[in-house]
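A.B. asks: Quick one, what's the 3D model for this:
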Amino acid sequence: MTAPVLDVRDLWTRFKTPDGIVHAVNGVSFSLEPGQFVGVVGESGSGKSVTMMSLLQLIPMPPGYIENGEAIFDGQNLIEMDADDLRNVRGGRIGFIFQDPMTSLNPVITVGKQIVESLRRHTTMSKKEATARAEELIEIVGIPEPSVRMKNYPHELSGGMRQRVMIAIALACNPEVIIADEPTTALDVTVQAQIIDQFQKLREDFGTAVVWITHDLAVVAGLVDKVIVMYGGRIVEESPVNDLYARPLHPYTIGLLKSLPRLDQKGHELYSIDGQPPNMLKEPTGCSFAPRCEHAFDRCWGEIPEPVEVSVGHRVACHWDLEAGAPRD
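C.D. replies: Here you go, the predicted structure:
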């Protein structure tokens, strides 16, 4: 069996606020194989982005802090790395595409120079070679007139173009892992398809593994190998993509899939999950989804469910066995 390129074990992340401690990530564990595409889904506030930012110590510290956990990459724990070693990993071996490019790009440096800086920092390219590669990357991500756009500052570009620049920076050094946080949200469907094609080409050419954080379950269905469903800072279901869509086993996953619009059900009101997301200021003592779950019973309120493997690669953290229609042993 191939060793994982990234192995996350029992990750807990907290934020100190005037109102109390935010329990943002609560014991997340998963692995990423070389060349594997993993989709991370869940509603806003479920812990998707904070989990992935914690791996590279990208959360603001303070108020954030990593209470426990490991993220093993190439035999080293990213969470315990010092700043200098981590800078060599970020951007070079692990790329990160942030959700908001305007707060991630430097406003006083041209976008071309920012791409060149990344290439010069992590490769042996000369300035001339890096500039040529930067122009090529800008063209790859669908920005017209790359030689002109190289000289633009971030504020001179549209939101979609800024996002494409972020993708170009992440792709620049052919990293072993790319963490993409809603990478195509601001893009039209044509450019979205081009970007997805580029990610797939990276896998084919370099064996790049990708963590794709998104709300778009339709994109996930056609792109990833494995899906991780998060709720309340925990993984509630993890499964090979085809198995998840054919056989979802957590009530929250079922709710997410039922809320998708379908072409064969015109005129029907879209389904929505009743209730509100959990208050993350309260440390969970049971299943976080229990207040919104039609199957909840006494055990759900007093005991946090542990993941159970129901088939190869398919794990679910739920006290209720949907297939049996009874509490899980």
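
A.B. asks: which secondary element of the protein has the worst mean pLDDT?
C.D. replies: helix 189-206 (a mean of 79; mean pLDDT, DSSP states H and E).

A.B. asks: Map the structural domains onto the sequence of this structure.
C.D. replies: Domain ranges of the chain: 6-224, 242-327, per automatic domain parsing.

A.B. asks: if we can go back for a sec, sheet partners, orientation included, of the following helix or strand past the least confident helix or strand of the chain?
C.D. replies: Once the chain leaves helix 189-206, the next helix or strand it forms, by DSSP states H and E, is strand 209-213. For strand 209-213, the pairing partners within the sheet under DSSP bridges are strand 37-41 (parallel), strand 177-181 (parallel).

A.B. asks: now the angle between helix 189-206 and the last one, please.
C.D. replies: The directions of strand 177-181 and helix 189-206 differ by 160 degrees, with axes from the mean of the first three to the mean of the last three Cα atoms, to 10 degrees as the criterion.

A.B. asks: What is the distance between strand 177-181 and the centre of its chain?
C.D. replies: 6 Å (Cα atoms, centre = their mean, to the nearest Å).

A.B. asks: got a list of contacts for that strand?
C.D. replies: In this structure, residues lying in contact with strand 177-181 by Cβ atoms under 8 Å, 6 or more residues apart in numbering are 5-6, 32, 48-49, 52, 55-56, 73, 93-99, 167, 170-171, 199, 202, 208-213. Where C-beta positions appear, they are placed from N, C-alpha and C, glycine not excepted.

A.B. asks: how many neighbours does the nearest residue to Ile138 once chain neighbours are set aside have?
C.D. replies: Among residues not flanking Ile138 along the chain, Pro146 sits closest, at 3.9 Å (Cβ to Cβ, 6 or more residues apart in numbering). Look at Pro146: counted by other Cβ atoms under 10 Å, it has 17 neighbours.

A.B. asks: From what I see, Pro146 and Arg133 are in contact.
C.D. replies: No - in this structure, Pro146 is not within contact of Arg133 by Cβ atoms under 8 Å, at 11.0 Å.

A.B. asks: for the chain, which spans come out with low pLDDT?
C.D. replies: 1, 186, 263-265, 267 (pLDDT under 70).

A.B. asks: And the strands in it?
C.D. replies: In the chain, the segments counted as strands under DSSP state E are 6-17, 20-32, 37-41, 64-73, 76-77, 94-97, 177-181, 209-213, 226-231, 234-240, 308-311, 314-316, 320-321, 326-327.

A.B. asks: Can you show me the CA trace of the first one as CSV?
C.D. replies: The one in question is strand 6-17. C-alpha atoms of strand 6-17 as CSV (Å, rounded to 0.1, in the frame of the first residue of the first chain):
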residue,chain,number,x,y,z
LEU,A,6,-0.1,13.8,4.1
ASP,A,7,-1.3,12.0,7.2
VAL,A,8,-3.4,14.1,9.6
ARG,A,9,-4.0,12.7,13.1
ASP,A,10,-6.3,13.9,15.8
LEU,A,11,-6.2,17.6,15.0
TRP,A,12,-7.8,20.1,17.5
THR,A,13,-7.8,23.8,16.9
ARG,A,14,-9.2,26.5,19.2
PHE,A,15,-9.7,30.3,19.1
LYS,A,16,-9.7,32.5,22.2
THR,A,17,-12.4,35.2,21.9
